[in-house]
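Colleague: Return atomic coordinates for the entry below.
(one chain, ligands or ions: 1)
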Amino acid sequence: MNVLVINCGSSSLKYQLIDSESEKVLAKGLCERIGIEKSAITHTPDGGEKVTTESPMPTHTEAVKLVIEKLTDPEVGVIKSLSEIGAVGHRVVHGGEKFSGSVVITDEVIKAIEECNDLAPLHNPANIIGIHACQEAMPGVPMVGVFDTAFHQTMPKKAYYYGLPLEYYEKYKIRRYGFHGTSHDFVSARAAEILGKKREDLKIIVCHLGNGASISAVMNGKSIDTSMGLTPLEGLIMGTRSGDMDPAIISFIADKEGLTADEVNTILNKKSGVYGLSGGISSDFRDLTAAEDDGNEAAKDTLDTYSYRVAKYIGAYTAAMNGVDVIVYTAGVGENTARVRASVAEYLGYLGTSVDPEKNKLRGEEVILSKDTDKVVTMIVPTNEELAIARETVKLV
Ligand code: AMP
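Modeller: Below you'll find the model as predicted:
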């Protein structure tokens, strides 16, 4: 069956068409600037050239229509007609406490996702628009919602409670939810498979270090803690997000700079992280490591601070699980940035793990970085959230 995987942002739509039997990506692409001028679709068929076409997309509905046009196009298309799409899998960011797994999308499910809008005001409305647009363009095709939060719903209260008045949890459901769940699930399962062990028998720490970054503790196959919280702002230092800090800093900055809480929130999400801390060098680790190699001190301090935070979380999750068997790196930075993996490893000798400098030069492939004799395995496992969504979709339809 061919599964169309859809990931909608507020003004973008990413897609992949995956043949679920061979798990081959038949085509992938991106619609950008939806709802604004100069919107364009970039479509790449398997083995073919990337084609970018400017076309008006006032809403996500036109974007979905264009995706179907490209997929069925006589020249750059990969299927003859819409009937060759067996199901659609939608990435949905926030499922609150309502979804602990993927679900077939019905009217009730859409309502329940809408009820989580408050918890992810930038993401969930876009995800719902994408679902409606696909329903309109592909009536009758079964659709599945795969939630970023679902894998972490197994966390115990002691991991998801904040030290706040309980009434805020009861009234507003303020608690830790965690994100990147599809990736933490996929990567921890794949790590166990590579090691020839059952995930149920392992204590795994997954470091999903991308532009957004989170760490999870996966014990006996279940997420028992993760670093992102009510929103994806908490935890590690990220590309442009601050991660953990003293909450009193918000009102302090607001007072000093004459800003509203919302404006400070924007700074914490968009102008902070490695971008902000480096004094604006970049949010991209390729630029930061290049700047460090050129002797830039701010870049070095930023990379040191970033790596130190990752190492501290690994220590915390080792304590949470009373041990660790496997540490896995994944996502853009985790898979590619040797500098970060090497720095983190310097803190982890006490655990009985290491990172081989030669193997650490490898990028974006499955590789065990530690020695055979190490007590704890450190490895890279590239993530593949789209494939994980396609698999979930097939399982449910
Ligand atoms: P993601 O959100 O997983 O797509 O990760 C994106 C981030 O990964 C980028 O902002 C870069 O910081 C980092 N990244 C991607 N490719 C490389 C690379 N070849 N070397 C170093 N960092 C990379």
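Colleague: Tell me where the stretch 251-397 of the chain has strands.
Modeller: 326-330, 367-368, 377-380 (DSSP state E, counting those that start in this stretch).
Colleague: Packing partners of the shortest one?
Modeller: Secondary-structure packing of strand 367-368 (3 or more C-beta pairs under 8 Å, 6 or more residues apart in numbering; DSSP states H and E): strand 377-380. Heads up, the C-betas are built off the backbone N, CA and C, glycines and all.
Colleague: Check the last one too.
Modeller: Contacts of strand 377-380 with other secondary structure elements, assessed using 3+ C-beta pairs under 8 Å, 6+ apart, are made with helix 181-195, strand 326-330, helix 338-345, strand 367-368.
Colleague: returning to what we had before: tell me which of the strands of the stretch 251-397 of the chain is the most buried.
Modeller: Most buried of the strands of the stretch 251-397 of the chain, by mean neighbour count (mean count of other C-beta atoms under 10 Å): strand 326-330, with a mean of 27.
Colleague: For the stretch 101-250 of the chain, which residues are neighbours of the ligand?
Modeller: 210-211, 239 (C-beta under 6 Å from any ligand atom).
Colleague: For the ligand, find the nearest of the strands of the stretch 251-397 of the chain.
Modeller: strand 326-330 (8.2 Å; C-beta to the nearest ligand atom).
Colleague: nearest residue to His60 other than its sequence neighbours?
Modeller: Setting aside the residues directly before and after it, His60 is nearest to Ala133 in space (C-beta to C-beta, 6 or more residues apart in numbering), at 4.2 Å.
Colleague: Would you verify that that neighbour is located in a helix?
Modeller: Yes: assigned with DSSP: H, G, I helix; E, B strand; the rest coil, Ala133 falls within a helix.
Colleague: what sits against the residue of the stretch 151-300 of the chain found nearest the ligand?
Modeller: Closest residue of the stretch 151-300 of the chain to the ligand, C-beta to the nearest ligand atom: Gly210 (2.6 Å). For Gly210, the contacting residues are 180, 239, 331-334, by C-beta atoms under 8 Å, 6 or more residues apart in numbering.
Colleague: what's it sitting at in phi/psi?
Modeller: For Gly210, the backbone dihedrals are phi -120, psi -150 (criterion: degrees, to the nearest 10).
Colleague: again with Thr260
Modeller: Torsion angles, degrees, to the nearest 10, at Thr260: phi -80, psi 170.
Colleague: doesn't Met57 make contact with the residue nearest to His60?
Modeller: No: using C-beta atoms under 8 Å, Ala133 is not in contact with Met57; the gap is 10.3 Å.
Colleague: any common contacting residues for those two?
Modeller: Counting by C-beta under 8 Å, 6+ apart, the common neighbours of Ala133 and Met57 are Ala63.
Colleague: does Thr231 sit in a helix, a strand or a coil?
Modeller: coil.
Colleague: Touching, it and Leu119? I think so.
Modeller: Yes: in this structure, Thr231 is within contact of Leu119 by C-beta under 8 Å, at 7.5 Å.
Colleague: higher neighbour count, those two?
Modeller: Each of Thr231 and Leu119 has its neighbours counted (other C-beta atoms under 10 Å); Leu119 has more, 21 against 18.
Colleague: Now do the contacts for the residue lying closest to that one once chain neighbours are set aside.
Modeller: In space, and not counting its chain neighbours, Leu119 is closest to His94: 4.8 Å by C-beta to C-beta, 6+ apart. Taking C-beta under 8 Å, 6+ apart, we find His94 in contact with 113, 116, 119-120, 123-124, 147-149, 177.
Colleague: before we move on, back to that, of all pairs in the contacts of Gly210, which one is the farthest apart?
Modeller: His180 and Gly239 (13.7 Å; C-beta to C-beta).
Colleague: and the closest residue to Arg33 other than its chain neighbours, how many neighbours?
Modeller: Counting by C-beta to C-beta, 6+ apart, Ser39 is the residue found nearest to Arg33 once chain neighbours are left out, at 4.1 Å. Number of residues near Ser39 (other C-beta under 10 Å) recorded here: 21.
Colleague: you'd agree Ser39 is up against Ser55?
Modeller: Yes: using C-beta under 8 Å, Ser39 is in contact with Ser55, at 6.6 Å.
Colleague: mind listing the helices for this protein?
Modeller: Assigned by DSSP state H, the chain shows helices spanning 60-71, 107-114, 124-137, 157-160, 166-172, 181-195, 248-257, 261-270, 273-277, 285-293, 297-321, 331-336, 338-345, 385-396.
Colleague: need those helices in TSV with mean neighbour count, can you?
Modeller: What follows is these, written out as TSV (neighbours: other C-beta atoms under 10 Å):
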stretch	mean neighbour count
helix 60-71	22
helix 107-114	15
helix 124-137	20
helix 157-160	14
helix 166-172	11
helix 181-195	23
helix 248-257	12
helix 261-270	14
helix 273-277	23
helix 285-293	18
helix 297-321	18
helix 331-336	22
helix 338-345	20
helix 385-396	22
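Colleague: Can you lay out those as JSON lines showing mean pLDDT?
Modeller: Shown next, in JSON lines, are the helices of the chain (pLDDT from 0 to 100):
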{"stretch": "helix 60-71", "mean pLDDT": "95"}
{"stretch": "helix 107-114", "mean pLDDT": "97"}
{"stretch": "helix 124-137", "mean pLDDT": "93"}
{"stretch": "helix 157-160", "mean pLDDT": "98"}
{"stretch": "helix 166-172", "mean pLDDT": "97"}
{"stretch": "helix 181-195", "mean pLDDT": "98"}
{"stretch": "helix 248-257", "mean pLDDT": "98"}
{"stretch": "helix 261-270", "mean pLDDT": "95"}
{"stretch": "helix 273-277", "mean pLDDT": "98"}
{"stretch": "helix 285-293", "mean pLDDT": "98"}
{"stretch": "helix 297-321", "mean pLDDT": "98"}
{"stretch": "helix 331-336", "mean pLDDT": "97"}
{"stretch": "helix 338-345", "mean pLDDT": "98"}
{"stretch": "helix 385-396", "mean pLDDT": "97"}
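Colleague: Distance to Asn360 for the ones you listed - can I get that in CSV?
Modeller: Formatted as CSV, those follow (distance: least, C-beta to C-beta, whole Å):
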stretch, distance to Asn360
helix 60-71, 39
helix 107-114, 41
helix 124-137, 37
helix 157-160, 31
helix 166-172, 42
helix 181-195, 17
helix 248-257, 35
helix 261-270, 31
helix 273-277, 20
helix 285-293, 13
helix 297-321, 13
helix 331-336, 11
helix 338-345, 5
helix 385-396, 24
